[in-house]
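Engineer: fold the following and give me the result.
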Amino acid sequence: MGEFFSVACAAVWALAVVMFRRSGESLPAFELNLFKNTLGVLLLIPTVWLTEGLQPPDFDAQRWFIVLLSGVIGIAVADTWYLRALNLMGAARTGVVATMFSPFVILLSIAFLGEAMKAWQLAGFVLVLSGILLVTWRQKRQDISMRALKAGVMYGAGAVLLMAIGIVMVKPVLEGEHFFWVVALRLAAGSVVMLLLVVVRNNWSQVVARYREPQPWTTIIIASILASYVSMLLWLAGYRLTDASIASVLNETAAAFIVLFAWLILKEPLNLRRIGGVVLTFLGVWIIVIV
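Structural biologist: So this is what the prediction gives:
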């Protein structure tokens, strides 16, 4: 089930990214991430209440620290940087940079969790990354400035590194009890830090003004529910039930799903190169999960 949840997470996240790409043109990354995370917390409160009750988990100080810190770096900072990269250089280039996520997770998992990938899993990993690079690579990239491209790469690479650190550090806690509490606490920690940042900067009026501007709210709300609630639960469930290194590779299929959803929803062209990349990606998934 861990493998299933990881692939399902990739599909849901990809759909959210395609929707965020459109909404992100009018709502800046920080405000978009703050809205997304706050909505996710509001949805997780009744989820926790119905599944585990409102009694906080009996974590020791170290586990509380790990859960909250992983939320701050993996959600408050990483998600904002990821959305910023998306706005700067588009979904295709961000997808290329995001392929660094699974190598980061694999290295951290080997170093700190004692995990190891078998030869056939590594072969599947290579196929997945090859397919993703094929579907996202574009020869002509003159549509944005070099300054925007460099900034986008820096934000994107930093985002996936922090995501990797956040998920690897919290995996041992996820494998215990109180799964829904851990999900909610991570998201709440990220949201609270973002709200505190607004207070420290004293720009609450500016943030509110952005929300009052005409926005595609239906798209933003649906994408936020998919990203901060549905995808978040699936993502952490995948890491809970399988090795972090395997889950991270399966999460990479989001790039292939983005291409498919962009074709279906945004009517972007789907050429033979992209079709070949999608086939390679899911062939790699098949090797990892089935073989």
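Engineer: and Arg240, what helix or strand is that in?
Structural biologist: According to DSSP states H and E, Arg240 maps onto helix 231-241.
Engineer: can you name every helix or strand that that helix contacts?
Structural biologist: helix 2-23, helix 146-174, helix 179-201, helix 244-251 (3 or more Cβ pairs under 8 Å, 6 or more residues apart in numbering; DSSP states H and E). In short, each C-beta sits where N, CA and C put it, glycine included.
Engineer: now with 7 Å?
Structural biologist: Helix 231-241 sits against helix 2-23, helix 146-174, helix 179-201, with contacts defined as 3 or more Cβ pairs under 7 Å, 6 or more residues apart in numbering; DSSP states H and E.
Engineer: avg pLDDT for the shortest one?
Structural biologist: Which is helix 2-23. The pLDDT scores in helix 2-23 average 85.
Engineer: same thing with the second one?
Structural biologist: Mean per-residue pLDDT for helix 146-174: 88.
Engineer: could you check the angle the lowest-mean-pLDDT helix or strand in the chain makes with helix 244-251?
Structural biologist: Here the helix or strand of the chain ranked lowest by mean pLDDT, DSSP states H and E is helix 119-136, holding a mean of 76. Using axes from the mean of the first three to the mean of the last three Cα atoms, to 10 degrees, the inter-axis angle of helix 119-136 relative to helix 244-251 is 30 degrees.
Engineer: which residues touch helix 119-136?
Structural biologist: The contact list for helix 119-136 (Cβ atoms under 7 Å, 6 or more residues apart in numbering) reads 92, 95-96, 99, 102, 117, 246, 249, 252-253, 255-256, 259, 273-274, 276-278, 280-281, 283-285, 287-288, 291.
Engineer: sorry, back to before: how about the helices and strands packed on helix 231-241 in CSV, adding mean neighbour count and distance to Thr47?
Structural biologist: Below are the helices and strands packed on helix 231-241 laid out as CSV (neighbours: other Cβ atoms under 10 Å; distance: least, Cβ to Cβ, whole Å):
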stretch, mean neighbour count, distance to Thr47
helix 2-23, 22, 16
helix 146-174, 20, 16
helix 179-201, 20, 6
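Engineer: and those: which comes nearest Val77?
Structural biologist: helix 146-174 (5.6 Å; Cβ to Cβ).
Engineer: roughly how far is the closest one from the heart of the chain?
Structural biologist: Distance, stretch centre to chain centre, for helix 146-174: 9 Å (Cα atoms, centre = their mean, to the nearest Å).
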